[in-house]
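> Quick one: sequence plus predicted model below, questions after.
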Number of protein chains: 2
Amino acid sequence: MTPPLPRRNLPLLLLQTREDVIARFRPILHAHGVTEQQWRVLRALAEDAPQPLEPRQLGAACTISSPSLTGVLARMDELDLVAQRRDGTDARRVRVTLTARGRALVRRIAPRIEREYQALEVAIGADVLRDAYALLDRLRGELRAAAAIPGTPAVPILRSRDRPKRR
Amino acid sequence: MTPPLPRRNLPLLLLQTREDVIARFRPILHAHGVTEQQWRVLRALAEDAPQPLEPRQLGAACTISSPSLTGVLARMDELDLVAQRRDGTDARRVRVTLTARGRALVRRIAPRIEREYQALEVAIGADVLRDAYALLDRLRGELRAAAAIPGTPAVPILRSRDRPKRR
DNA sequence: GCGTAATATTTAACATGTTAGTAATTTAAT
DNA sequence: ATTAAATTACTAACATGTTAAATATTACGC
């Protein structure tokens, strides 16, 4: 009899791999009192400097959902790491910029991150690192190409009685 | 002048890739009223069936921290998807098993997951999928080998004034 | 046997993630 | 111009994630 779940869990494998990688960087972030999400925001803003980014762009760049980002930015604003101000031409839009304090924090953290990448490269091999970037790019490319032209509908039609109610 | 962050963000790339992959499976889970974490637990228990697992083992298998797992299991217990009972010989230990309802849910979901893996294979190419598993295994292997023999200390020594206080 | 350390799980306090819906504003179609 | 639709950000309610500490129990050294 064939097992009901013959495939290895790919999302889980990606999650575990990410955890193994970020475990090497987390102590650096913690030592500077920044969370992973805050660092992603700081990094996105620093890389695009000095252009301000809108929350949607930040969310897309950091893979943080809009509701999550609202809270993340509010706390970072409170810590004086970023500044948010309304756009003049479109009152819906918000523009997020790094504060001087935010820039200073990035300057202090960045070299430690870079040193850890160097250590990582030595530890796992430069070829493995290069292959990883290449494969992930390729995988994402194929996934996004497939999502754009949905050959097989990703959402199966279901009857509501298949769905147990949530309490 | 060299940029302060010359490396691509590998943890973020892994996170984005995982998101792109799980996006194809999420509708199936949602249609059956299970969260991603609940499905990981169900799947781990089903794969190891019929042996009960302890929370630690489940957490390790699913990459769910112990405190998170407490809540996840409590809700799944409430939904009658799993049963938790204390071990006889060691009163600290808890043994988690699938209930009949949990097993039935896995039986209903599993074939849809398998069909989606087949669609995924067609969409991105069987070779890409195979390469992905191989590379992630290799990357994890090297990471865990390096973590076991820490050549470079992963935690840099920092002064407390480097760390902004958290409110 | 007793006190201390180690182990397994849970609680607490908070940050982040989720979906659904709201509010404000802008765009676009009549 | 005026209404309907789309867009942007936010709020609400809840599930999950985090670290640190508490609790309970077992194992161990003496």
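Looks like it came in fine.
> Tell me the helix or strand right after the helix ranked longest in chain A.
Counting residues, the longest helix found in chain A (DSSP state H) is helix A:100-124. Next helix or strand after helix A:100-124 toward the C-terminus (DSSP states H and E): helix A:126-148.
> Enumerate the positions of that next one that are buried.
With burial defined by 16 or more other CB atoms under 10 Å in any protein chain shown, the residues of helix A:126-148 counted as buried are A:128, A:129, A:131, A:132, A:135, A:136, A:138, A:139, A:140, A:142, A:143, A:146. In short, each C-beta sits where N, CA and C put it, glycine included.
> wait, does it contact chain B?
Yes - counting by CB under 8 Å from any CB of the partner chain, chain B has neighbours in helix A:126-148: A:128-129, A:131-133, A:135-140, A:142-144, A:146-147.
> what angle do that helix and helix B:126-148 make?
140 degrees (axes from the mean of the first three to the mean of the last three CA atoms, to 10 degrees).
> which other helices and strands contact helix A:126-148?
Counting contacts by 3 or more CB pairs under 8 Å, 6 or more residues apart in numbering or on different chains; DSSP states H and E, helix A:126-148 packs against helix B:10-31, helix B:100-124, helix B:126-148.
> The same query, at a cut-off of 6 Å, please.
Applying 3 or more CB pairs under 6 Å, 6 or more residues apart in numbering or on different chains; DSSP states H and E, we find helix A:126-148 packed against helix B:10-31, helix B:126-148.
> Off-centre distance for the last one?
Shown here is helix B:126-148, whose average C-alpha point lies 16 Å from the average C-alpha point of the whole chain (CA atoms, centre = their mean, to the nearest Å).
> before we move on, back to that, now the buried residues of helix A:126-148 as CSV including pLDDT and distance to residue B:71?
CSV is the format used below for the buried residues of helix A:126-148 (pLDDT from 0 to 100; distance: CB to CB, whole Å):
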residue, pLDDT, distance to residue B:71
A:128, 96, 36
A:129, 97, 36
A:131, 97, 38
A:132, 97, 33
A:135, 97, 35
A:136, 97, 31
A:138, 97, 37
A:139, 97, 32
A:140, 96, 32
A:142, 95, 36
A:143, 94, 31
A:146, 85, 35
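> quick one, phi psi at residue A:96?
Main-chain torsions, residue A:96, degrees, to the nearest 10: phi -110, psi 130.
> Report the contact partners of it.
Shown in contact with residue A:96 (CB atoms under 6 Å, 6 or more residues apart in numbering or on different chains): A:52, A:53, A:82, A:84.
> The longest helix of chain A: which residues count as buried?
Buried positions in helix A:100-124, judged by neighbour count with 16+ other CB under 10 Å: A:102-103, A:105-106, A:109-110, A:112-114, A:116-117, A:119-120, A:123-124.
> Same check on stretch A:30-44?
Residues of stretch A:30-44 classed as buried: A:31, A:32, A:34, A:36, A:37, A:38, A:39, A:40, A:41, A:42, A:43, A:44 (neighbour count, 16+ other CB under 10 Å).
> How about the residues of chain A by DNA strand D?
Within chain A, the positions lying close to DNA strand D (CB under 7 Å from any atom of the strand) are A:26, A:30, A:54-56, A:66-67, A:69-70, A:73, A:84, A:92-94, A:166-167.
> Could you look up the SS state of residue A:80?
Here residue A:80 is recorded as coil under DSSP: H, G, I helix; E, B strand; the rest coil.
> roughly how far apart are it and residue A:112?
21 Å (CB to CB, to the nearest Å).
> before we move on, what about residue A:61?
Remark: distance between residue A:61 and residue A:112 (CB to CB) = 22 Å.
> And the pLDDT at residue A:51?
At residue A:51, the model reports a pLDDT of 83.
> picking up where we left off before, name the nearest of the residues of helix A:126-148 next to chain B relative to DNA strand D.
Nearest to DNA strand D out of those is residue A:147 (CB to the nearest atom of the strand; 18.1 Å).
> looking at it, residue A:17 is touching residue B:136, isn't it?
Yes - counting by CB atoms under 6 Å, residue B:136 is a contact partner of residue A:17 at 5.1 Å.
> Tell me the residues that contact both of those two, please.
With CB under 6 Å, 6+ apart applied, the contact sets of residue A:17 and residue B:136 do not overlap.
> So is stretch A:5-17 next to DNA strand C?
No - shown here: stretch A:5-17 not in contact with DNA strand C (CB under 7 Å from any atom of the strand), separated by at least 11.8 Å.
> Can you flag the buried ones in the contacts of residue A:96?
Among the contacts of residue A:96, the ones that count as buried by 16+ other CB under 10 Å are A:52, A:53, A:82.
> between the residues you listed, which is nearest chain B?
residue A:82 (13.1 Å; CB to the nearest CB).
> Find the nearest non-adjacent residue to that closest one, please.
For residue A:82, ignoring the flanking residues on the chain, the nearest one in space by CB to CB, 6 or more residues apart in numbering or on different chains is residue A:76 at 4.7 Å.
> Distance-wise, check that neighbour relative to chain B.
Relative to chain B, residue A:76 is positioned 11 Å away (CB to the nearest CB, to the nearest Å).
> Could you export the one helix or strand that residue maps to as PDB, CA atoms only?
Residue A:76 is part of helix A:66-78, with elements assigned from DSSP H and E. C-alpha atoms of helix A:66-78 as PDB (Å, rounded to 0.1, in the frame of the first residue of the first chain):
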ATOM      1  CA  SER A  66       0.500  45.100   5.400                       C
ATOM      2  CA  PRO A  67      -1.200  44.600   8.800                       C
ATOM      3  CA  SER A  68       2.100  43.300  10.300                       C
ATOM      4  CA  LEU A  69       4.000  46.100   8.800                       C
ATOM      5  CA  THR A  70       1.800  48.700  10.500                       C
ATOM      6  CA  GLY A  71       2.900  47.500  13.900                       C
ATOM      7  CA  VAL A  72       6.500  47.000  13.000                       C
ATOM      8  CA  LEU A  73       6.800  50.500  11.600                       C
ATOM      9  CA  ALA A  74       4.900  52.000  14.600                       C
ATOM     10  CA  ARG A  75       7.400  50.400  17.000                       C
ATOM     11  CA  MET A  76      10.400  51.400  14.800                       C
ATOM     12  CA  ASP A  77       9.000  54.900  14.700                       C
ATOM     13  CA  GLU A  78       8.700  54.900  18.500                       C
END
